[in-house]
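1. all I have is the shape, not the residue letters:
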């Protein structure tokens, strides 16, 4: 069973916008903490944003108010709206989910037990 499927990546010019979507299975979405991570070539995967079931959000410092994470419970989908994209934002973006209490900080990828396969975001300068 595929629990998380990302979409919405693509090529965009610097300063442009993209909205990533992550369609989740019921077990990966319901009352879960949902997050976005990214991995650039040659770099480790890093935290981008998290949204808890109660609606609390937290972002990486590099987001600088440019990204917004949200969820549509009727569609079991989590989104990442990315504005004012920079070449440094180019990476594969992954959706992650955790059922129950997080075993660690929400910024750590080890805290999540569901992962998507990722969607490529390319930003041209």
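-> That came in fine, so what should we check first? Small disclaimer: the values here were computed from a predicted structure and weren't measured.

2. may I see the buried residues of stretch 104-116?
-> Across stretch 104-116, burial judged by 16 or more other C-beta atoms under 10 Å covers 106-107, 109, 111-112, 114-116. The C-beta positions use only the backbone N, C-alpha and C, and glycine is treated the same way.

3. and the residue nearest the centre of the chain, what does it touch?
-> In the chain, the C-alpha nearest the mean C-alpha coordinate belongs to residue 36, at 2.0 Å (C-alpha atoms, centre = their mean). Shown in contact with residue 36 (C-beta atoms under 8 Å, 6 or more residues apart in numbering): 20, 22, 48-50, 69, 78, 80, 93-96.

4. now swap in residue 109 and tell me
-> 37, 45, 47, 96.

5. look up phi and psi at it.
-> phi -70, psi -20 (degrees, to the nearest 10).

6. against residue 103, how distant is it?
-> As for residue 109, its distance to residue 103 is 12 Å (criterion: C-beta to C-beta, to the nearest Å).

7. same check on residue 28?
-> When distance is defined by C-beta to C-beta, residue 28 is 16 Å away from residue 103.
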